[in-house]
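**Student:** next input, structure requested:
(3 chains)
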Amino acid sequence: MPPLVMALMSILIGVTGCVGYVYFSNLVLDRVIFPASGQTCARNIGRANLVRPWLFLFPALAGSMLYLVFPFAGAFWRSLFDREGDAFIGFANYRALGADHVFQGALANSLLWVLVVPAAATCLGLIAARLTDRLRWANLARAAIFMPVTMSLVGAALIWKFVYANDADIGLLNAIRATLGAAGPLDVLQIPVWNSFFLMAVLIWTQTGFAMVILSAALRAIPREIIEAAIMDGADATQIFLRIEVPQIKGTITVVWTLVTILVLKVFDLVYAMTGGNFGTQVLPGFMMGVMFRDDGRASAVAMVLMILVLPILAWNIGQARKGGD
Amino acid sequence: MRVRARHPLRACRAANIAVLVLALVWFIPTLGLLVSSFRERDQILASGWWQAPLAAERTFRVRADAGAAVTEGGRHVIAGNVFANDADAAMPGRVKAFGVSSRAPAAFGTGLRADLVGGGSLSVGADGHYRLESPRAFGESAPTIYVRATMPPRFSLDNYRRVLADDVMVRPFVNTLAVTIPATVLPTVIAAFAAYALAWMEFRGRGFLIAASAGLLVVPLQLAFVPLLKLHQGLGIGQGLVGIWLAHTGFGLPLAVYLLHRAMAGVPRDIIDCARMDGASEVQIFSRIVLPLTYPALAGCATLQFVWVWNDLLVAKVFLPPADGVRVMTVAITDDLLGSHGGDWGMLAAAAFISMALPLLVFFILQRCLLRGLLSKAPEWR
Amino acid sequence: MKFKGMAFVAAVVMCAAPALSRDLVFPPGVDDRFDWEGYESFSRTDLSDEVLTISGPWTGPDKVLVENVLAYFEAATGARVSYAGSDSFEQDIVIAARAGSAPNIAVFPQPGLAADMARRGYLAPLGEETADWVRANYAAGESWVRLGSYADRDGDTALFGFFYKVELKSLVWYVPDNFTEAGYDVPRSMEELKALTEMIAADGATPWCIGLGSGAATGWPATDWVEDLLLRRQPPGVYDAWVENAIPFDDARVVDAIEDYGWFVRNGAFVANGTASVATTDFRDSPKGLFTFPPKCYMHRQASFIPTFFPSGTEIGRDVDFFYFPAYAGMDLGAPVLGSGTLWTITRDSPAARALIAFLKTPIAHELWMAQAGFLTPFKAANRDAYASELQRAQGDILIGATTFRFDGSDLMPGEIGADAFWKGMVAYTTGQGAARVARDIQARWDSIR
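**Tutor:** Below you'll find the predicted structure:
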């Protein structure tokens, strides 16, 4: 059977299976186990409603347990063992990481990435969303900005090779410098500290389009009356944007910000492809890949540190969910 | 209409210009890749892509054909054209200068006569015709001619032809599709149910599960590879399509749950409460009210997962067997084109564009979804 | 339920994948450069029902070459061979072995990784008779046996890897026309090479093209330089001790070799586009400077595989040639050669896997690849006339004639050092850090993994 037919069949089986499961399990729950009739009607409804959420949750819960929670718990356990996985060494891996200046550098870089990239991508995406909103050629502009999102990493790395290359005949940046009369080519990937920003630019470039699409959908969802009212009050475009639109879509901004942050904490292939982690550009996931499959204890410990880095943004999300949900 | 005309949010010229600049800055790097995909590897390394549409100056070497030597009045002569190899080109190049040593490849202007080291002389005309003369016979290796010439721009579809013809990308394209579609649909559907429960059902541990779903977003996938592959072997799935669908579904769930939960939680409470008063069951509320209202979120979530799976290399390497028949595009690109013995940037660029085509198409479809008036009433993500 | 059904479907699809059944590139029995007897003798081995899976590092054009050789094994024995090449072989094989989905044969480009796998019990020993065979039939046989022998899980040493396909690293590529026109001679000693370097620079040209860029592996070309120079400045014993870390990485003799590499690379006048560009120029793009007019550089030190990356249409021997990266005349250390090779191991034992290893012991298995491209062998019985070109024959002769052959040290060191810290250290040194400091950092990393 050709793979595509298989794929379509699997969708058919998977989706009908999942939908059927939810529908019939609810049916069974309401009609057979706790029928909403007879004397125990009220109690049965209450009981059924206690069970029902878990029916909805079960497929997702099982999937993420199996594919993420257990491996992750296993990784924590593994991080307490030595490189062979034989001897329990407590938190020695974490202590070793603390003393490792390469790790410290990677941690500092990762923090920088987490601060800069989500902020830049979200802001630029917001601006792009707002500006293209009432433009006649909006679709064209959006396509241009969205294109990098669809780019595979290999493509992106190649694209930026043509921008950053340390050769005025290949790298666009150096060609521009040469036309402006700069002396020799400059390797932007080797300038300490700044090189990280040039790498971040690539990720910002790929993520802005994503932020733009989601934010522009949110902007369109703002009730017109609110904006019309502001216009009546004599607010100008900037005021409306900052005082009304941005607060209105705060939730969506959090979502975008979170997603980009998560991505930043995972992406290593970009740095890998462009500098191999040299010139002080190493980030935590790249550092982790360096020890992965050689010293799994150490690699798992790095994964735990990554997890800790994401806690603040997690707290922010939960805080928001509380405020909004209840 | 008059209100509209005074609308302060109408696009002013400044906005137009700003968007133009932004779009250009975003598009120019991509344009570089696009242009490069029509050039050969040697061209890519010789001049910047922005110079591609211009006539380029190129310095190259021609070896005179010693076998073509004739004697004219006691002198040995070789005549020929330096552009002989480009004979099929639509526009011939123009010679600007020539030389007899690699260090000074453009020492002589056209029409001049250069003395050869071993005696004799060389002249090259602007149209490329050259004439070597020597009192002595040329040995087996005739002198080398260095030429600096202006060459017309050259583009070719060769890269695309090679990528598509050699079956480098066609089969992998189909395979990628086969991996991506179920790996997009399944997690979205499964997550939608869970998200609804998290958003609109009361139960103990709900807050914890919401937090956990967000926390799982950052779990590095690499940690899970070995245990999961073992699990798949144990289940008898092994490496294959089923395995990778399950893996992508598992890995994609936290993102889908996180996004859809936020979207569903944004549905106004009144609507849900009303429906419950009317005696609608949870399944009905979910399918008739919440799903249609969160349609944009579902579409956005599916797009994200689609793009992520489409461009994934890591998971594909681990969960698909290494055999040729089931390779996906990213694997084909890195192994065949980028491989440490490849490095053909032109072909790589062409392959990158082919792999971009479908996600872009998905984007345009999504755009239409998002722009439909109906959806603008949808609640926002909180 | 539903998954079981799908698994069955998947299994069917997988089995239907076409086995490798290509035409034999050299018709059997025709060309007398080949030892057809070895091929014939294998047709007595009947493996018609066997499937043999092989994973290796070769992709793209190289994959075709290896498959061409394997096709003969298929044709002779009837086994179905499926070779899969991966650009990230090192990572893939570890995951596959741990998850229990290893292929029958794994071809390691790095002995260090193979040793690690052997220690974890993922490799099957090849047996004493194979070790004896290598000892007797390979030039410098004992060193090949030593490179392929590792301790297993219980600490007992046995032969786990069989070397097949060797690469020469001590080569300097140059354009003969450029040398003739400028009046340069091919240097016979390191002193002459350094003098030539200075002379080219004094003539206002640039002697070297060096590029260390290689994505995640950025820096590896520099490790080859340092290893080659260490072999030329110190006796091989020092090299061996350094590789095993019996002498520390920051030993004065090692630092001295690093600084000798620095003599070439850290002088802005000696490298094309200046030292700063070395670390980021892709190694695949770096030789192009040889082929520009005027030349951006005159020499490029790289292993025997590099012609793949020369501009299309370059004829080797006429447009470009190589010379042996020479030894110091004043050091009296003979003619050391640095090389690398691929190690064939059994990761899942089967009769077909054993038969393939036996097949690799026949001259024809070597000659078939020699006659294609990019293959060198220390196997003495392989007919050197089978080499596809004069150039390869000359490389083969360097290999056979080496007084000292040493394997690429970075491939022998533990992965964290040889495939990470050493690479990154060399990039740091190339971009300006002190040799002693770089060496000290690498040693510190080495200490931390013990």
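
**Student:** for whichever residue of the stretch 101-250 of chain B sits closest to chain A, what is the enclosing helix or strand?
**Tutor:** Nearest residue of the stretch 101-250 of chain B to chain A, counting by C-beta to the nearest C-beta: B:Gly250, 2.6 Å away. No exception for glycine: its C-beta is placed from N, CA and C like everyone else's. Element membership for B:Gly250, per DSSP states H and E: helix B:241-265.

**Student:** for C:Thr342, same thing?
**Tutor:** Here C:Thr342 is assigned to strand C:336-346, by DSSP H and E.

**Student:** just the CA atoms of that strand, as CSV, please.
**Tutor:** Taking Å, rounded to 0.1, in the frame of the first residue of the first chain, the C-alpha atoms of strand C:336-346 are listed here in CSV:
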residue,chain,number,x,y,z
PRO,C,336,55.0,9.6,9.0
VAL,C,337,51.6,9.4,7.5
LEU,C,338,48.4,10.4,9.1
GLY,C,339,45.2,8.6,7.9
SER,C,340,41.8,7.4,8.9
GLY,C,341,39.7,4.6,7.9
THR,C,342,36.3,2.9,8.3
LEU,C,343,35.8,0.0,10.6
TRP,C,344,33.4,-2.7,9.8
THR,C,345,31.8,-4.3,12.8
ILE,C,346,29.0,-6.8,13.5
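
**Student:** let's see stretch C:163-177 as PDB, backbone CA atoms only.
**Tutor:** Taking C-alpha atoms only, stretch C:163-177 is exported to PDB below (Å, rounded to 0.1, in the frame of the first residue of the first chain):
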ATOM      1  CA  PHE C 163      39.400  -1.900   8.500                       C
ATOM      2  CA  TYR C 164      38.200  -1.600   4.900                       C
ATOM      3  CA  LYS C 165      38.700   1.700   3.000                       C
ATOM      4  CA  VAL C 166      41.400   3.900   4.300                       C
ATOM      5  CA  GLU C 167      41.900   7.600   3.700                       C
ATOM      6  CA  LEU C 168      45.200   9.500   3.600                       C
ATOM      7  CA  LYS C 169      45.300  12.800   5.400                       C
ATOM      8  CA  SER C 170      48.900  14.000   4.900                       C
ATOM      9  CA  LEU C 171      48.400  15.500   1.500                       C
ATOM     10  CA  VAL C 172      48.900  19.000   0.200                       C
ATOM     11  CA  TRP C 173      46.900  19.900  -3.000                       C
ATOM     12  CA  TYR C 174      48.300  22.400  -5.500                       C
ATOM     13  CA  VAL C 175      47.800  23.500  -9.100                       C
ATOM     14  CA  PRO C 176      50.900  22.400 -11.100                       C
ATOM     15  CA  ASP C 177      50.400  25.300 -13.700                       C
END
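
**Student:** report the distance from it to the chain centre.
**Tutor:** 11 Å (C-alpha atoms, centre = their mean, to the nearest Å).

**Student:** quick one: that stretch near chain B?
**Tutor:** Yes - applying C-beta under 8 Å from any C-beta of the partner chain, one finds stretch C:163-177 in contact with chain B at C:175, C:177.

**Student:** with stretch C:100-107 instead?
**Tutor:** Yes - applying C-beta under 8 Å from any C-beta, one finds stretch C:100-107 touching chain B at C:100-101, C:103.

**Student:** and whatever residue of the stretch 51-200 of chain C ends up closest to chain A, what element?
**Tutor:** Per C-beta to the nearest C-beta, C:Val94 is where the stretch 51-200 of chain C lies closest to chain A, at 4.5 Å. If you go by DSSP H and E, C:Val94 is part of helix C:89-99.

**Student:** strand C:336-346 and that helix, what's the angle between them?
**Tutor:** Put simply, helix C:89-99 runs at 30 degrees to strand C:336-346, going by axes from the mean of the first three to the mean of the last three C-alpha atoms, to 10 degrees.

**Student:** so what touches helix C:89-99?
**Tutor:** For helix C:89-99, the surrounding residues in contact (C-beta atoms under 8 Å, 6 or more residues apart in numbering or on different chains) are A:292-293, B:225-226, B:229-230, B:233, B:317-318, B:322, C:55-57, C:86, C:102-103, C:106-110, C:113, C:117, C:120, C:122, C:347, C:415, C:419.

**Student:** give me the distance from it to the chain's centre.
**Tutor:** Using C-alpha atoms, centre = their mean, the offset of helix C:89-99 from its chain centre is 20 Å.

**Student:** is any residue of the next helix or strand along the chain from it near chain A?
**Tutor:** Scanning forward in sequence from helix C:89-99 by DSSP H and E, the next helix or strand is strand C:105-108. No - on the criterion C-beta under 8 Å from any C-beta, strand C:105-108 is out of touch with chain A, staying 14.2 Å away.

**Student:** parallel or antiparallel, which strands does strand C:105-108 pair with?
**Tutor:** strand C:51-56 (parallel), strand C:336-346 (antiparallel) (DSSP bridges).

**Student:** which of the ones you listed sits most buried?
**Tutor:** strand C:336-346 (a mean of 24; mean count of other C-beta atoms under 10 Å in any protein chain shown).

**Student:** average pLDDT for that one?
**Tutor:** The average pLDDT for strand C:336-346 rounds to 92.

**Student:** which parts of the next helix or strand after that strand are buried?
**Tutor:** Next along the chain after strand C:336-346, taking DSSP H and E as the criterion, comes helix C:351-360. Going by neighbour count (16 or more other C-beta atoms under 10 Å in any protein chain shown), the buried part of helix C:351-360 is C:352-360.

**Student:** and if you look at stretch B:284-293?
**Tutor:** Using 16+ other C-beta under 10 Å as the test for burial, stretch B:284-293 gives B:285-287, B:289-291, B:293.

**Student:** same thing with stretch C:240-254?
**Tutor:** In stretch C:240-254, counting by 16+ other C-beta under 10 Å, buried: C:240-243, C:245, C:247-251, C:254.

**Student:** out of these, who's nearest C:Lys169?
**Tutor:** Taking C-beta to C-beta as the measure, C:Lys169 lies nearest C:Val243 of the buried residues of stretch C:240-254, at 14.6 Å.

**Student:** list the contacts for the closest one?
**Tutor:** Counting by C-beta under 8 Å, 6+ apart, C:Val243 makes contact with C:409, C:412-413.

**Student:** C:Thr342 is in contact with C:Tyr164, correct?
**Tutor:** Yes - judged on C-beta atoms under 8 Å, C:Tyr164 makes contact with C:Thr342 at a distance of 6.5 Å.

**Student:** thought C:Gly38 was touching C:His366?
**Tutor:** No - here C:Gly38 lies out of contact with C:His366, judged by C-beta under 8 Å, at a distance of 9.7 Å.

**Student:** can I get the residues of stretch C:100-107 next to chain B in a markdown table with pLDDT?
**Tutor:** Putting these into a markdown table (pLDDT from 0 to 100) gives the following:
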| residue | pLDDT |
| --- | --- |
| C:Gly100 | 83 |
| C:Ser101 | 84 |
| C:Pro103 | 92 |
